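> coords please:
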Amino acid sequence: MHALIVVSHPDPGSLTHAVAAQIAAGITADDGSTAELADLDAEGFDPRFNRADLQGHHRNAPFPADVLAEQARLDRADAVVLVFPVYWWGMPALLKGWIDRVFSNGWAYDDSSGQGVLKKLGHLPVHLVGLGGADDRTWQKRGYTGAMKTQIETGIFDYCGAPARSSTLLLETDTGDARAHLQTARSLGQRIAGNASAVGR
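Model prediction:
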């Protein structure tokens with residue numbers, strides 16, 4: 001299996017990047033499994049949904065080349081893993097903009113049939129890994145965990161038909177034991193590869 005790991009953090013020395021690297025190591029420990037790291041910041045991806053994106057959405061023009069390149073990268077993947085720090089109880093603007101632009105009408109879904117939304121990404125399992133500074137009590141107190149699941153898993157990926165296979169929150173990242181988070185990340189990578197192998201992907 002081949003996984004695309006999308007990481008959104010401006011500091012390559014961050015725990016977010018270290019977690020992404022451990023997920024990749026866990027995936028590639030499985031014979032025959034590969035992982036590609038998409039570092040949105042280092043690659044200079046422009047997250048701003050622009051007029052060309054809008055023209056593509058309305059099918060008045062092709063999508064921009066950078067969007068088509070990201071879609072091609074996703075088309076090559078058997079699974080996608082999003083690794084990101086939690087900003088204001090959601091994903092960073094860079095990652096959200098990547099989704100805004102790349103998960104486009106006609107590729108991720110199709111709403112032009114008049115028969116409702118055609119979900120086009122049923123073949124692409126998604127794994128979410130968020131890193132948060134707060135503790136679990138804070139997350140549960142205001143219902144932030146459920147809110148993120150509704151916003152991201154249901155609002156984005158279920159809309160496109162992409163099954164959210166796992167959602168992991170690594171909390172207390174500023175004060176906790178980074179080694180435990182890195183071990184969790186490696187184990188997650190191994191499970192991703194193992195689950196894909198079990199279904200012959």
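> the closest residue to Q55 other than its chain neighbours in helix, strand or coil?
Sequence neighbours aside, A61 is the residue nearest to Q55 in space, at 4.0 Å (criterion: C-beta to C-beta, 6 or more residues apart in numbering). In short, each C-beta sits where N, CA and C put it, glycine included. Look at A61: counting by DSSP: H, G, I helix; E, B strand; the rest coil, its state is coil.
> next, name the residue at the spatial heart of the protein.
Nearest to the geometric centre of the chain sits L82, at 2.6 Å (C-alpha atoms, centre = their mean).
> following whichever strand or helix holds it, which helix or strand comes up?
Using DSSP states H and E, L82 sits in strand 79-85. Next helix or strand after strand 79-85 toward the C-terminus (DSSP H and E): helix 93-102.
> now that following helix: buried residues?
The neighbour-count criterion (16 or more other C-beta atoms under 10 Å) identifies 94-99, 101-102 as the buried residues of helix 93-102.
> and that helix, what does it pack onto?
Applying 3 or more C-beta pairs under 8 Å, 6 or more residues apart in numbering; DSSP states H and E, we find helix 93-102 packed against helix 65-75.
> now the nearest residue to H57 once chain neighbours are set aside, which residues is it bridged with?
Distances taken as C-beta to C-beta, 6+ apart put N105 closest to H57, at 4.9 Å, once the chain neighbours are dropped. Counting by DSSP bridges, N105 is bridged to Y109.
> residues near N105, how many?
17 (other C-beta atoms under 10 Å).
> try the one 4 residues further on
Counted by other C-beta under 10 Å, the residues lying close to Y109 total 18.
> can you check R48 too?
Count around R48 with other C-beta under 10 Å applied: 9.
> wait, what's in contact with it?
G97 (C-beta atoms under 8 Å, 6 or more residues apart in numbering).
> now it, what's its secondary structure?
On the basis of three-state DSSP, R48 is classed as coil.
> list phi and psi for the closest residue in space to H2 that isn't next to it in sequence.
Nearest residue to H2, sequence neighbours excluded (C-beta to C-beta, 6+ apart): T34, at 4.8 Å. The phi/psi pair for T34 (degrees, to the nearest 10) reads phi -130, psi 160.
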